[in-house]
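Chemist: fold the following, please.
(one chain, ligands or ions: 1)
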Amino acid sequence: MEKLVIKGGVSLKGVVKISGAKNAALPCIAASILQPEPIKLLRIPNLKDVKTILQILELLGCQYQWNGDEVLINTKDIKTYECPYDLVRTMRASILFLGPLLSRLGRAKISLPGGCAIGARPVNLHLKALELMGAEMQLEQGYIYAKAKKLKGADIFFDIPTVTGTENVMMAAVLAEGKTIIRNAASEPEVVDLAELLRAMGADIQGHGTDTIVIEGVKELRPVIYTIIPDRIETGTYMIAAAITQGDVSIEDCKPEHVGALAKKLREADVNVELQKDKIRVCANGEIKCVDVKTMPYPGFPTDLQAQFMALMCVSKGACVIEETIFENRFIHVAELRRMGADIEVSGNKAYVKGKTKLLAAPVMATDLRASASLVLAGLVAEGGYTEVRRIYHLDRGYEALEKKLIGLGATIWRERE
Ligand code: EPZ
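Modeler: Purely as a prediction, here's the structure:
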């Protein structure tokens, strides 16, 4: 296994360019199954999760070529509908094959994605919605067995605005018979990006980006060349990196409108945030204030930036409450931040943070993707030696060339074998 070694104390300065969004790439790659011609996706980030989903595609009998940030996918020869446990367990988002496989082949056998560090991560809402569309579902020996002669449009209400649940139903509905309405749909930019890809392929989708999406099934879809959106969570992570190191960073090739909730919170904390067309300049030179945060579905404050923002609050002035409303166990980073001297008390889904003047370098353990990023941010500002972040395979799932981009901003950080 590998670890990142970080020497804190450098104010980050310069320009960092944002890669394509992991959580847009995954559903868009799965959507390639919906039609048999070669489809090209651009701005695909070089991430472990993208590699995994392409490996599953290959196992299903499809071919792909990946050059730089371009992926050419050909699903003409798709021959099976099984997504095996040993790949699904490494990436829950494999559930995104359920809708497309049912659409294309009328069958799907997908290992039930287990929980992960941040929560149980059930997929009951996905299954219930697809049953409403005529799919028969069975759960046996940890697998979802699904089949549907022909999916039919349905009026679906999600108890919770599930991101991948909304994406799965959209991909099931675009070739179904009749109209599908998704009520209480997720409106995340990645859901909108998938809808835009499907529309470019000839799907009839309206209302994406709101809580009600209406889809009229069409006969077939056509191949396209499509560029996915930049990663708003990577964008937010570098915004916080600039703030926590009292730096001055220009974040480019991003979509500022996708990080409005974070920009608002950083400004409340007295961090300077300038939003331009496709770049954001963040600079902090002086005291940062603790501010309360409550994670919410988009456009609220994203749960995927909660851990990173908490690291910033640990070295800000005052005290604040960070409330996590999306996942039941997303404070695992607290114990690790405490090892670095942070003053955080957790009660239920609230973390009470008391800002301190400094954090101390220490060996810490990454436990999930975004918690790992929070520990790197803490390491960038920790004093008294080197912070070692272990098990950074979590990071490689969601951040392209993290240490290279941070070194480009002046950070002292390198990767070592553990
Ligand atoms: C997506 O996960 C993202 N992953 C997550 O990003 C992100 O944290 C999450 O949305 C919330 O924004 C991808 O897009 C690949 P949900 P998803 O279904 O779709 C409950 C990262 O770091 N729920 O919107 O799995 C669920 O337990 C990852 O990139 C059910 O109860 O999240 C959670 O409490 C982490 N039953 C809430 O809904 C269901 O059938 C929201 O989950 C589905 C969800």
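Chemist: tell me the first helix or strand C-terminal of whichever strand or helix holds A25.
Modeler: Using DSSP states H and E, the element containing A25 is helix 22-31. Next in sequence after helix 22-31, counting helices and strands by DSSP H and E, comes strand 39-42.
Chemist: rounded mean pLDDT for that next one, please.
Modeler: Across strand 39-42, pLDDT averages out at 98.
Chemist: on that earlier part again, show me what the helix holding A25 is packed against.
Modeler: With contacts taken as 3 or more C-beta pairs under 8 Å, 6 or more residues apart in numbering; DSSP states H and E, helix 22-31 sits against strand 39-42, helix 48-59, helix 98-105, helix 163-173, helix 189-200. Where you see a C-beta, it was placed from the backbone N, CA and C, and this is true even at glycine.
Chemist: which residues touch that helix?
Modeler: 41, 44-45, 47, 49-50, 53-54, 57, 71, 73, 93, 96-97, 99-100, 163-164, 167, 171, 188-190, 193-194, 197-198, 201, 226, 228-229, 231, 233, 397-398 (C-beta atoms under 8 Å, 6 or more residues apart in numbering).
Chemist: look at R199 and say how many residues are nearby.
Modeler: 16 (other C-beta atoms under 10 Å).
Chemist: and the closest residue to it other than its chain neighbours, its phi and psi?
Modeler: Nearest residue to R199, sequence neighbours excluded (C-beta to C-beta, 6 or more residues apart in numbering): I205, at 5.5 Å. In terms of degrees, to the nearest 10, the main-chain angles of I205 are phi -130, psi 130.
Chemist: relative to T166, how far out is I205?
Modeler: From I205 across to T166, the span is 11 Å (C-beta to C-beta, to the nearest Å).
Chemist: quick one: common contacting residues for these two?
Modeler: I213.
Chemist: more neighbours: which of those two?
Modeler: T166 (29 against 21).
Chemist: from the ligand, how far out is the closest residue to that one other than its chain neighbours?
Modeler: Leaving aside its chain neighbours, T166 sits nearest to A186 (4.2 Å; criterion: C-beta to C-beta, 6+ apart). Distance of A186 to the ligand, computed by C-beta to the nearest ligand atom, to the nearest Å: 6 Å.
Chemist: surely A186 forms part of a strand?
Modeler: No - per DSSP: H, G, I helix; E, B strand; the rest coil, A186 lies outside any strand segment and is coil.
Chemist: so who does it touch?
Modeler: Contacts of A186 (C-beta under 8 Å, 6+ apart): 158, 161-163, 165-167, 297-298.
Chemist: same thing but at 10 Å, please
Modeler: 158, 160-167, 192, 208-209, 211, 213, 297-298 (C-beta atoms under 10 Å, 6 or more residues apart in numbering).
Chemist: before we move on, what about K76?
Modeler: 35-38, 61-63.
Chemist: out of those, who has the most neighbours?
Modeler: Q35 (22 neighbours).
Chemist: how about that residue, nearest residue that isn't a chain neighbour?
Modeler: Leaving aside its chain neighbours, Q35 sits nearest to L221 (4.2 Å; criterion: C-beta to C-beta, 6+ apart).
Chemist: including distance to Q138, could the contacts of K76 go into TSV?
Modeler: Output for the contacts of K76, formatted as TSV (distance: C-beta to C-beta, whole Å):
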residue	distance to Q138
Q35	28
P36	28
E37	32
P38	34
G61	23
C62	25
Q63	30
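Chemist: who wins on neighbours among the contacts of A186?
Modeler: Neighbour max across the contacts of A186 (other C-beta under 10 Å) = E167, 32 neighbours.
Chemist: and the closest residue to that one other than its chain neighbours, how many residues sit next to it?
Modeler: Once flanking residues are discounted, E167 sits nearest to P27: 4.4 Å by C-beta to C-beta, 6+ apart. Using other C-beta under 10 Å, P27 has 28 other residues around it.
Chemist: quick one: pLDDT of P27?
Modeler: 98.
Chemist: separation between it and the ligand?
Modeler: Taken as C-beta to the nearest ligand atom, the span from P27 to the ligand is 7 Å.
Chemist: swap in K356?
Modeler: From K356 to the ligand the distance is 27 Å (C-beta to the nearest ligand atom).
Chemist: that residue in helix, strand or coil?
Modeler: On the basis of three-state DSSP, K356 is classed as coil.
Chemist: just checking, it touches A311?
Modeler: No - in this structure, K356 is not within contact of A311 by C-beta atoms under 10 Å, at 11.8 Å.
Chemist: for the ligand, what are the nearby residues on the stretch 301-418 of the chain?
Modeler: Residues of the stretch 301-418 of the chain lying close to the ligand by C-beta under 6 Å from any ligand atom are 303-304, 326-327, 369-370, 398.
Chemist: just those now: which is nearest R121?
Modeler: Nearest to R121 among those is F327, at 8.0 Å by C-beta to C-beta.
Chemist: wouldn't that closest one be in contact with G119 here?
Modeler: Yes - F327 lies in contact with G119 (C-beta under 10 Å); the separation is 4.1 Å.
Chemist: more neighbours, these two?
Modeler: F327 (19 against 14).
Chemist: what sits closest to V249 if chain neighbours are left out?
Modeler: Using C-beta to C-beta, 6+ apart, the nearest residue to V249 is A242, at 3.7 Å.
Chemist: now do the SS call for that neighbour.
Modeler: A242 ends up helix, using three-state DSSP.
Chemist: number of residues surrounding it?
Modeler: Quick note: A242 (other C-beta under 10 Å) scores 28 neighbours.
Chemist: V282 now?
Modeler: By other C-beta under 10 Å, 24 other residues sit near V282.
Chemist: with the one 4 residues further on instead?
Modeler: As a burial measure, G286 scores 9 neighbours (other C-beta under 10 Å).
Chemist: going forward, count from 9.
Modeler: Fine by me, first position is 9 from now on; the one you just mentioned is G294.
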